[in-house]
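Colleague: The sequence and its predicted three-dimensional model are supplied below.
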Amino acid sequence: MKVFCSLWLLLSLVKLSPAPPASQDPPFACRGAGDPAPPQPETPEDMASSGDLEPTHYPARRAATVALHQLNTRHGSPHRLFALQEVHKASAEDVAAGGRKYSLDFSVTDWASGSAGPALRCSAEVMFPGTERSSPDVQLRCEALQQINSTAQDHAFYQKYIAPESAVSAQHIPDSYGNVSEEMQPFWRLARVAASFIMLRESSENTEFNMAQVASVTQQESSEKQLMLEFVVLLHDLPSQEIVQWKLLASWSPDRGVRVLQTEWQPRCPHDTKPPN
Amino acid sequence: MNVSLVSYLKCLFFFFLNRDQVLRINAESENHIQILKKLERDVDSGVSEHLVREREEMVRNADVERQTKSFNFAAYHDLETIYNFMDTLVASHSNLITKVNIGSTYENRPMYVLKFSTGGEKKPAIWIDAGIHAREWISHATAVWLADRVNFKENRAPVPSILSQMDIYLMIVANPDGYVFTHRSPNFYRLWRKSRSATSNPKCHGVDLNRNWDAEFGGPGASDDPCAEDYRGPSAQSEIEVKNILDFWTHAVSTEQPVDIRVPHSSLYALKDFLKKNNIPFTVIINNVQEHLVREREEMVRNAKMESKTKSFNFAAYHDLETIYNFMDTLVANHSKLISKVNIGSTYENRSMYVLKFSTGGEKKPAIWIDAGIHAREWISHATAVWLADRIAKDFKENRAHVPSILSQMDIYLMIVANPDGYVFTHISSSPLSRFWCKSRSATSNPKCHGVDLNRNWDAEFGGPGASDDPCAEDYRGPSAQSEIEVKNIVKFIMSHGNFKSFMTLHSYMQLLMYPYGYIGIDAPDWPELHDVATKASKALNSWHGTVYKVGSIFHTIDQASGTSVDWAYLRGIKYSFAFALRDTGEYGFLLPADQIVSTARETWFALRYIMKYVCDHPY
């Protein structure tokens, strides 16, 4: 998380495919001089045993969340979005070059189908590399996910918004009071799928990302039969409580799924009331 | 005094006379009871003709029924015919209907009410009157038909069931003088409306009997001119028709129960003489009825306003600080014996910090602390606390377990908004990010950055890992322990009280029920018990809506955190210290939809109630 504010990394625009490249961090901008705070010192308890982890504790949950981000980048859609239901078993071991590998057995549910949906059983290995600036590597298997299955709703949604005149534009999803209009629900999910690329890329053992809000969504001109959407998303990191703002450009179609084309970290001159530009 | 709608209606119909008294009459024998029963039937404040005699004169044979069957309901009748009809009706339904003489008119005609009753005492009653305005003939005619219709002889629903539980009083002609006048020629008398009393203007008679009641008498919507159709009269209840109604507050049926009757001042001596003559003991229980009723009415109006305020409070919505503070005042006013509002100090921006104290009395009883909103953006915590405040008050009032027993032994302190400055900031709409403000709003060493994470500022391993030294960070701990006035105020309050046994704080989100420690990963000494209590509480929570909470220490479930309130409380010896992270698990996060407030609050209440009962049952 503190990686964002490191002195010596430059902003760049990155083209992403389903296999994310190494992250390139933006400047710390408004923080002023000084190094970022050093990583949390680890107490002996932190070095949690190689071996079994308590499934309800945060180390297992964080690793599972990373696996979840991966799952959503691959299989999320306007009408399908996965959420972590429960971690059943977890273990971790040190691996080469200071990395750590987690083995997980967990269940996910589909937020789009509400509480009615069944839980899917998944297993994953999540590897956090020893170097701070590298993204985790995830190997993931979930039952019944062998083929990508676009729903009828996805197709209807696609037909509606691929039309040339379509120019969706909205802000604050959900709004301050938790409201999301019916029409905006698929865009909300798409934003989360796109944000999952970023969350996956930026995760470490010391982060736990969730998308807090879609600050804005602006439809761009369609290209190569893909819906093109520009999102500004707010991510919430649980351990540090920080809200981090990212702008990104994503494409989607029922056939190709979500692809993130550009990401840009948006520094907030911290805590002032002027909106970032 | 229990002020019900019926008694309020009674108040509406009766006059508030100065120096009227209420006498409590204690029947001592069967004879007394008979005398009182007759007195009750013949409500003419004192000695007068008994209805029994009247009725005996009215008893007819089979012709009676034929007579009522031949009564022409499809015609207008004069007063005498209507009065005859009443007698006939009573005679043929003597089990159900009685005719009550409630006094005389200005021109000395009797005023009758038909009482429909299946017996019993103190039955709640329904009053219907017609003809208070003389020219409105259809009203008398309708009432005549109604009287005939309302009899339960043919067991037609819902009359029998109504009459099994209530009495019906039907006054067919409330203004006999006026009605008689409308039957006189010349024709224009047909449009007479008022009574027929003399007025200050010798040329003009009568008062609008429906402007003469003591209900904002004298206000707009009536006239002071005796010649006007809506002349209100010289004073409230000046008209005898409106006046002489003597009511029984209760009905005497046995020697066990006293009869309370309100006696107009003018009849006081006659009645007292009557009772003395018959050796029926009585006491004056209300010395001046008007004063009493005025007070009662004022209280009732006040209560109704207050009740409608809390009843109309929308718990399924998020409210700003001012609305929440108003809600607190309303709640306190509604439950002034149980709840008081304590001002424990001001915030950085000089707002008041309030705690609601729920107490059944006593000195520094062992106490439970609950706070919400220490992190401004966690709106569901404030909203839950608002609902909890109302729920605790309600459970106490309605004697629902376990609140009364908990409050008999302990006090509950509930702080709905622990970070008012931050909460106000989250409502600023001009900045899209303000909704996600977390900290206080104090100035820091960095002019660009404000605020301290109030849940890292406590004196509990302050300065350790799990908080930041950077004023711009969301988990900035502040320059020193308790540097924030909001934290200082709470610390001062709890330490000077000195007898808190439980400390609980509401946050969101993640659905976790946590206990100490946050600053370190080792188990707290009371870990087995705390874990067990938290586990059972989370099961209670889950029983409402199936919401799943995970249980564990702050360190293990969220992350290492130093300077937290729960650690502080625990290290000060408040054993039962817990932190809740309410709904949800990330779908909406801080932006939980308002339609989840009430179910979140209710499931949280199940857990809190379990913990409070446990604390109560395990004193230390």
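Modeller: Perfect, thanks for sending it.
Colleague: Please enumerate the strands of the stretch 101-250 of chain A.
Modeller: In chain order, the stretch 101-250 of chain A shows strands spanning A:120-128, A:137-142, A:169-173, A:209-223, A:226-237, A:243-253, with DSSP state E, counting those that start in this stretch as the criterion.
Colleague: Please list all residues in contact with the nearest residue in space to A:Asn210 that is not next to it in sequence.
Modeller: Nearest residue to A:Asn210 in three dimensions, chain neighbours excluded: B:Gly586, at 4.2 Å (CB to CB, 6 or more residues apart in numbering or on different chains). No exception for glycine: its C-beta is placed from N, CA and C like everyone else's. By CB atoms under 8 Å, 6 or more residues apart in numbering or on different chains, the contact set of B:Gly586 is A:83, A:210, B:509-510.
Colleague: re the thing from before, the strands of the stretch 101-250 of chain A: which one's closest to B:Ala130?
Modeller: Evaluated over the strands of the stretch 101-250 of chain A, closeness to B:Ala130 peaks at strand A:169-173, with 61.0 Å, by CB to CB.
Colleague: Next one: the closest one, is it in contact with chain B?
Modeller: Yes. Residues of strand A:169-173 are located near chain B by CB under 8 Å from any CB of the partner chain, namely A:171-172.
Colleague: Adjacent strands (with direction) for that strand?
Modeller: Based on DSSP bridges, the pairing partners of strand A:169-173 within the sheet are strand A:209-223 (antiparallel).
Colleague: So which residues of the stretch 151-300 of chain B form strands?
Modeller: For the stretch 151-300 of chain B, applying DSSP E, counting those that start in this stretch gives strands covering B:167-171, B:259-263, B:282-286.
Colleague: quick check: mean pLDDT across the last one?
Modeller: When you say that, I think you mean strand B:282-286. Strand B:282-286 carries an average pLDDT of 76.
Colleague: How far off centre is it?
Modeller: What separates the centre of strand B:282-286 from the centre of its chain is 29 Å, taken as CA atoms, centre = their mean, to the nearest Å.
Colleague: same question, stretch B:556-568
Modeller: Centre to centre, stretch against its chain (CA atoms, centre = their mean), the figure for stretch B:556-568 is 43 Å.
Colleague: now swap in stretch A:163-171 and tell me
Modeller: Chain-centre distance of stretch A:163-171: 24 Å, with CA atoms, centre = their mean.
Colleague: I'd say B:Asn210 and B:Ala134 touch.
Modeller: No. Between B:Asn210 and B:Ala134 there is no contact under CB atoms under 8 Å: 11.3 Å.
Colleague: These two: which has the busier surroundings?
Modeller: A count of neighbours by other CB atoms under 10 Å in any protein chain shown puts B:Ala134 above the other of B:Asn210 and B:Ala134, at 29 against 16.
Colleague: Give the helix, strand or coil label for the more buried one.
Modeller: Here B:Ala134 is recorded as coil under DSSP: H, G, I helix; E, B strand; the rest coil.
Colleague: Give me the contact list for stretch A:212-223.
Modeller: By CB under 8 Å, 6+ apart, stretch A:212-223 touches A:161-162, A:164, A:166-174, A:184, A:187-188, A:191, A:227-236, A:243, A:245, A:249, A:251, B:432, B:435-436, B:589-591.
Colleague: From those residues, list just the buried residues.
Modeller: For those, a burial check counting by 16 or more other CB atoms under 10 Å in any protein chain shown picks out A:161, A:170, A:172-174, A:184, A:187-188, A:191, A:227-236, A:243, A:245, A:249, A:251, B:432, B:435-436, B:589-591.
Colleague: sorry, back to before: assign the residue nearest to A:Asn210 to helix, strand or coil.
Modeller: Quick answer, by three-state DSSP: B:Gly586 is coil.
Colleague: burial count for whichever residue of the stretch 401-550 of chain B sits closest to chain A?
Modeller: Using CB to the nearest CB, the single residue of the stretch 401-550 of chain B nearest to chain A is B:Gly521, 3.4 Å away. Neighbour count for B:Gly521, taken as other CB under 10 Å: 16.
Colleague: Alright, calling it a day.
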